[in-house]
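K.L.:
How does the following fold in three dimensions:
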Amino acid sequence: MIRFERTVWWSIGLLLLASAPAVAQIPEDAAPADTIETRPGPATLLSGMPEMGFYAGPFSRFGYVENQLAVYPGMRLGVVLGRTLAIGLSGGLLANHIALDSIPGNDLSLEYGGLELEGIIGSDHLIHGSVRALIGPGLLSAGPAPVDAEAPAGGEAAAEPALAPSELILIFEPAAELTLNVSRMLRFSFGASHRIVRSVDSPHIANDDLSGWLGSFAIKIAAY
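P.N.:
Predicted coordinates for the structure are as follows:
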């Protein structure tokens with residue numbers, strides 16, 4: 001019992017000695033306790049999170065396939081971290097008819113989407129820039145072109161599908177954009193990208209036929 005009491009008193013004494021220098025450093029004219037700045041709390045997992053925002057909206061991209069104008073409408077949405085980095089999803093499809101010269105009577109079909117990363121430069125300026133990259137899968141197929149409803153019943157038979165039924169491909173698309181801040185939440189973007197397609201395995205169309213430069217226009221509903 002005596003050893004326990006001694007241990008307690010020794011502990012109290014050590015605590016008093018340890019706190020004495022801190023007490024001695026407080027000046028006599030120090031401000032009241034309620035005005036003394038407190039030390040910041042411990043670092044936590046969420047304490048260093050950057051400011052977050054969001055964006056969403058439609059886009060349309062334009063390019064050429066088989067020397068024909070191709071239009072790719074789609075949607076984008078994601079989150080913005082610290083007004084400089086955007087992480088989101090993007091997806092679109094080929095909206096118009098592209099006839100394949102190698103297989104007459106067939107139209108090309110392409111749907112794609114994936115992860116989109118974007119670096120934003122000077123988002124507070126009226127006009128600012130960004131660079132982004134999309135990477136993801138696509139579905140490529142080709143089938144009989146639409147038949148005119150008024151064509152005679154004895155007309156030529158529709159062509160057989162050229163790609164059966166759809167082919168999984170890989171798309172990587174880096175881009176650069178200029179964005180105009182119309183209002184606090186409405187933004188218009190204009191840009192250019194270069195689509196790189198891989199994994200096409202068809203005798204009728206090649207990777208290079210689907211790769212190439214694209215122009216783009218996008219409307220963003222954004223808060224960041």
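
K.L.:
rest of the way, CA atoms for contacts and neighbours
P.N.:
Noted.

K.L.:
Please name the residues that touch Val220.
P.N.:
Quick fix: residue 220 is Lys, not Val. Contact analysis of Lys220 by Cα atoms under 8 Å, 6 or more residues apart in numbering lists Tyr55, Ala56, Gly57, Pro58, Met185, Leu186, Arg187, Phe188, Ser189.

K.L.:
what about the fourth one, neighbour count?
P.N.:
So that's Pro58. 17 (other Cα atoms under 10 Å).

K.L.:
Compute the distance between it and Ala206, please.
P.N.:
Pro58 sits 29 Å away from Ala206, taking Cα to Cα, to the nearest Å as the criterion.

K.L.:
Sketch out the helices for the protein, chain order is fine.
P.N.:
2-24, 207-210 (DSSP state H).

K.L.:
Give me the mean pLDDT for the first one.
P.N.:
Right, the one you point to is helix 2-24. Confidence for helix 2-24, expressed as mean pLDDT, is 48.

K.L.:
Would you mind measuring from Ser199 to Asp208?
P.N.:
Taking Cα to Cα, one finds Ser199 at 11 Å from Asp208.

K.L.:
circling back to that earlier point, now, the contacts of Lys220 that are in strands?
P.N.:
Among those, DSSP state E puts Tyr55, Ala56, Gly57, Pro58, Leu186, Arg187, Phe188, Ser189 in strands.

K.L.:
List the residues that contact Ser130.
P.N.:
Glu118, Gly119, Ile120, Ile121, Ala176, Glu177, Leu178, Thr179.

K.L.:
got a markdown table for those residues, with distance to Gly129 too?
P.N.:
Below are the contacts of Ser130 laid out as a markdown table (distance: Cα to Cα, whole Å):
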| residue | distance to Gly129 |
| --- | --- |
| Glu118 | 10 |
| Gly119 | 9 |
| Ile120 | 6 |
| Ile121 | 5 |
| Ala176 | 7 |
| Glu177 | 6 |
| Leu178 | 5 |
| Thr179 | 6 |
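
K.L.:
May I have the residues that are in contact with the nearest residue to Ser123 once chain neighbours are set aside?
P.N.:
Nearest non-adjacent residue to Ser123, counting by Cα to Cα, 6 or more residues apart in numbering: Arg83, 6.7 Å away. Arg83 sits next to Glu51, Met52, Gly53, Ile120, Ser123, Tyr224 when contact means Cα under 8 Å, 6+ apart.

K.L.:
Leu210: neighbour count?
P.N.:
19.

K.L.:
Next up, the contacts around it.
P.N.:
Leu210 neighbours (Cα under 8 Å, 6+ apart): Val65, Arg195, Ile196, Val197.

K.L.:
State the distance from it to Gln68.
P.N.:
From Leu210 to Gln68 the distance is 11 Å (Cα to Cα).

K.L.:
And the strands in the protein?
P.N.:
Going by DSSP E, the chain shows strands at 52-65, 68-81, 85-93, 106-121, 127-144, 163-181, 186-198, 212-223.

K.L.:
in the chain, which segments are predicted with low confidence?
P.N.:
Scanning the chain with the threshold set as pLDDT under 70 gives 1-49, 145-165.

K.L.:
beta partners for Tyr72?
P.N.:
Assessed by DSSP bridges, Tyr72 has beta-bridge partners Arg61.

K.L.:
Could I get the contacting residues of it?
P.N.:
Contacts of Tyr72 by Cα under 8 Å, 6+ apart are Ser60, Arg61, Phe62, Gly92, Leu93, Leu94, Ala95.

K.L.:
Put the buried members of the residues you listed into a ChimeraX selection.
P.N.:
In ChimeraX, this line selects whichever of these come out buried by 16 or more other Cα atoms under 10 Å:
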select :60,61,62,92,93,94
